[in-house]
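**Q** Based on what follows, work out the 3D shape:
(one chain, ligands or ions: 1)
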Amino acid sequence: MKKSVRKAIIAGNWKMNKTRPEAKALLEEIKPLVANAAGNVEVIACVPFTNLETAMTVTEGSNVKIGAENVHFEKSGAFTGEISADMLIELGVEYVVIGHSERRQYFGETDETVNKRTKAALAAGLKPIVCVGELKWERECGITEEVVGKQVKLDLFDVSAEDAKKTVIAYEPVWAIGTGLTATPDQAEEVCAFIRATLAKMYDEATAEAITIQYGGSMNAANCAELLAKPNIDGGLIGGASLKAADFNVIVQAAVNG
Ligand code: 13P
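**A** Numbering: from 1, shown residues only. Below is the predicted model of the structure:
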């Protein structure tokens, strides 16, 4: 199986941005621009919980899919402030970002909770976008592969091959997020290839070849084509540039043409 048969996925991660009217306006702008990607490239907007219902309504009948930015692992109960997978499914949400470095860094997310969230999301029928990536000093110490390999193994622990194929892995080197510092295409490819090799050991070659691996971290209109041209980079998880319709569209078109 080759890159051409894997699904290319370009996903915006809006983080804590956009009120409902702003979300509506941005999605209305994005929709016609990316309409030609249908069937070829999956286009997703992962939006704050408060924007999900609006986003579902605005994108109905279009090829823009909607994702959430987190999900809790319990089905229901006394977890103030949390949102369950069933609540997201009921809204029609298809994807969910799990284990973003900002959640690991600021909100006590661990590989154990990432694993629990991933399994809960899959059990409910959501497609998880599981984020992994090394810190700057871990790269400087030369332990990028140890760190990322451990995250992939722990985050997907006890996830079946069938479910792993529904999971997207986003390689997001933490030092490249929101910093304007992008991993070079070769650095990004090296780690994405390593992630695929790790998946092949955990599952088998065919499963690893079927899993979409994204790069994230200051991906923008200027650098996306070179990154997306790499054999193991199947898409992007985009923060800042996903908040501007024109820039986001350049990235989508790079995937369409790639
Ligand atoms: P930036 O594209 O703003 O660097 O953010 C990347 C990211 O964290 C996507 O999840």
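**Q** In three-state terms, label residue 183 for me.
**A** Assigned with DSSP: H, G, I helix; E, B strand; the rest coil, residue 183 falls in the coil class.
**Q** wait, it sits on residue 215?
**A** Yes: with contact defined as CB atoms under 8 Å, residue 183 counts as touching residue 215 (7.1 Å). Any C-beta I mention is one placed from the backbone N, CA and C, and that applies to glycine too.
**Q** Among the two, which residue is more densely surrounded?
**A** Relative neighbour count places residue 215 above the other of residue 183 and residue 215, with 32 against 25, counting by other CB atoms under 10 Å.
**Q** which residue packs closest to the residue of the chain found nearest the ligand, ignoring adjacent ones?
**A** Among the residues of the chain, residue 239 lies closest to the ligand, at 2.3 Å counting by CB to the nearest ligand atom. With CB to CB, 6 or more residues apart in numbering as the measure, residue 13 is the residue that lies nearest to residue 239, at 5.3 Å, once sequence neighbours are left out.
**Q** The one you found - how many residues pack around it?
**A** In terms of burial, residue 13 registers 27 neighbours under the definition other CB under 10 Å.
**Q** Which positions within stretch 109-116 qualify as buried?
**A** Taking 16 or more other CB atoms under 10 Å as the basis for neighbour counts, the residues of stretch 109-116 that come out buried are 109, 111, 113, 114, 115, 116.
**Q** hmm, who's touching that stretch?
**A** When contacts are taken as CB atoms under 8 Å, 6 or more residues apart in numbering, the neighbours of stretch 109-116 outside the stretch itself are 73, 98-100, 103-104, 130, 150-151, 154-159.
**Q** who's in contact with the residue nearest to residue 239?
**A** Contacts for residue 13 were tallied using CB under 8 Å, 6+ apart; they are 46, 69, 97, 100, 216, 237, 238, 239, 242.
**Q** If I follow the layout properly, the second one ends up in contact with residue 97?
**A** Yes: in this structure residue 69 lies within contact range of residue 97 using CB under 8 Å: 5.0 Å.
**Q** any common contacting residues for these two?
**A** Residues touching both residue 69 and residue 97 comprise 13, 46, with contact defined as CB under 8 Å, 6+ apart.
**Q** more crowded one of those two?
**A** The residue with more neighbours, out of residue 69 and residue 97 and counting by other CB under 10 Å, is residue 97; that gives 26 against 23.
**Q** and the stretch 51-200 of the chain, which residues reach the ligand?
**A** 100, 172, 177, 178 (CB under 6 Å from any ligand atom).
**Q** how about those in a markdown table, adding distance to residue 188?
**A** Formatted as a markdown table, these follow (distance: CB to CB, whole Å):
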| residue | distance to residue 188 |
| --- | --- |
| 100 | 17 |
| 172 | 10 |
| 177 | 13 |
| 178 | 16 |
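**Q** Give the PyMOL command for selecting the buried subset of these.
**A** Buried residues among those (16+ other CB under 10 Å), as a PyMOL selection:
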select buried, resi 100+172+177
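**Q** ok, back up a step: could you tell me which of the contacts of residue 13 belong to strands?
**A** By the criterion of DSSP state E, membership of the contacts of residue 13 in strands covers 46, 97, 216, 237, 238.
**Q** quick one: low-confidence ranges for the stretch 1-150 of the chain?
**A** Per-residue confidence for the stretch 1-150 of the chain (pLDDT under 70) gives these ranges: 1-2, 4.
**Q** looking at this, residue 130 is in a strand?
**A** Yes: if the criterion is three-state DSSP, then residue 130 is within a strand.
**Q** isn't it right next to residue 159, touching?
**A** No: using CB under 8 Å, residue 130 is not in contact with residue 159, being 9.3 Å away.
**Q** and these two? which has more neighbours close in?
**A** Relative neighbour count places residue 130 above the other of residue 130 and residue 159, with 24 against 20, counting by other CB under 10 Å.
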